[in-house]
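1. Got a predicted structure plus its sequence, pasted below:
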Amino acid sequence: MRWLLALILAMLPIAAAGQAVPKLVPDVSQRQINIQSGFTGAELLLFGAIIYPRGVAPEGQVDVAVVLRGPARPITLREKRQIAGIWINADSSDFRSVPAYYAIASSRPLSSIVDSKTAAIYELGLDKLQLSPSGEVDAKEQRRFSNGLVDLKQRNGLFRQEAGSVEITDQVLYRARLKIPSSVPVGTYVAETLLIRDGRVIVADDKVEVRVRKTGFEQLVTILAKDYSLFYGTMAVLISLLLGWFAGFIFQRI
């Protein structure tokens, strides 16, 4: 339903002007990010070109927004309260669809290039993310939990919003850099570019996939813990016992 509304909004200015739709040719600096020992994060360059009908850029300003979104996952957010000097879990809220990572960069502040309705349809901005809360929760409390979740993700570097960080050259070439934190979850990420003019998104179907995966020893540990949990747990216990025995043997010799 959201994509149907987005398509209608994108077609309105085109039908009114009777002009062909520009084409985006997007790409990224790397299609795969490997997480290995000593990984401290990465920087992803999103760039591309805008191809106009008959090769002529229209008069007026065009804007570009780029979005990098990680795989969506369910999350339960719990609030802790201090009671009698002890921190315990109090209220909680469930969200069915929270992106593991979300970053958006735009050529100008989002409020200056799209209206609130368009931003909500395309989920442009941290305050427009559709996190799909579940359960019967008071609307005010739900907003409080949603804001808390976004704030937590921001502090961990997993949610980012950067206005004015997309550079557009001659209304044809664009580029933006997004930081990937060391704590980024693995999975398939989608980089999307949106071309905006006169407050409307006129192109929003150009996407590039970026794969984030663990390699080396980290990948081996992940596979063992996920697919061979019994063997992984047994080996962890045996290694702990062996290290404990060896440490005791050394101290007895000292």
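-> Ah, there it is.

2. How about the contacts made by Ala65?
-> Applying C-beta atoms under 8 Å, 6 or more residues apart in numbering, we find Ala65 in contact with Ile104, Ala105, Ser106, Ser107, Leu110, Ile113, Leu124, Val166, Thr193, Leu194, Ile196. C-beta: built from backbone N, CA, C; applies to glycine.

3. okay, these in JSON lines with secondary structure, distance to Arg155 and pLDDT next?
-> Shown next, in JSON lines, are these (DSSP: H, G, I helix; E, B strand; the rest coil; distance: C-beta to C-beta, whole Å; pLDDT from 0 to 100):
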{"residue": "Ile104", "secondary structure": "strand", "distance to Arg155": "17", "pLDDT": "97"}
{"residue": "Ala105", "secondary structure": "strand", "distance to Arg155": "19", "pLDDT": "96"}
{"residue": "Ser106", "secondary structure": "strand", "distance to Arg155": "22", "pLDDT": "96"}
{"residue": "Ser107", "secondary structure": "coil", "distance to Arg155": "26", "pLDDT": "95"}
{"residue": "Leu110", "secondary structure": "helix", "distance to Arg155": "21", "pLDDT": "94"}
{"residue": "Ile113", "secondary structure": "helix", "distance to Arg155": "27", "pLDDT": "94"}
{"residue": "Leu124", "secondary structure": "coil", "distance to Arg155": "22", "pLDDT": "95"}
{"residue": "Val166", "secondary structure": "coil", "distance to Arg155": "24", "pLDDT": "96"}
{"residue": "Thr193", "secondary structure": "strand", "distance to Arg155": "27", "pLDDT": "94"}
{"residue": "Leu194", "secondary structure": "strand", "distance to Arg155": "27", "pLDDT": "94"}
{"residue": "Ile196", "secondary structure": "strand", "distance to Arg155": "29", "pLDDT": "93"}
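
4. Looking at neighbours, which among those residues is most surrounded?
-> Tallying neighbours with other C-beta atoms under 10 Å puts Ile104 at the head of the contacts of Ala65, with 28 neighbours.

5. Roughly how far does Asp63 sit from Ala49?
-> Asp63 sits 15 Å away from Ala49 when distances are taken as C-beta to C-beta, to the nearest Å.

6. ok, what's across the strand from the spatially most central residue of the chain?
-> Centroid-nearest residue in the chain: Tyr102, 2.0 Å away (criterion: C-alpha atoms, centre = their mean). In this structure, Tyr102 bridges to Arg69, Phe159 when assessed by DSSP bridges.

7. Quick check: it touching Gly157?
-> No - counting by C-beta atoms under 8 Å, Tyr102 does not reach Gly157; the two are 11.2 Å apart.

8. For Asp63 and Ala49, work out which one has more neighbours and name it.
-> Using other C-beta under 10 Å as the criterion, Asp63 and Ala49 rank with Asp63 on top: 22 against 13.

9. Next, that one: phi, psi?
-> Note on Asp63: backbone dihedrals following degrees, to the nearest 10 are phi -120, psi 150.

10. residues in contact with it?
-> Asp63 neighbours (C-beta under 8 Å, 6+ apart): Ser106, Ser107, Arg108, Ile113, Val166, Ile168, Leu195, Ile196, Arg197.

11. Is the closest residue to Val172 other than its chain neighbours in a helix, a strand, or coil?
-> Excluding the flanking residues, the one nearest Val172 by C-beta to C-beta, 6 or more residues apart in numbering is Ile50, at 5.5 Å. Look at Ile50: counting by DSSP: H, G, I helix; E, B strand; the rest coil, its state is strand.
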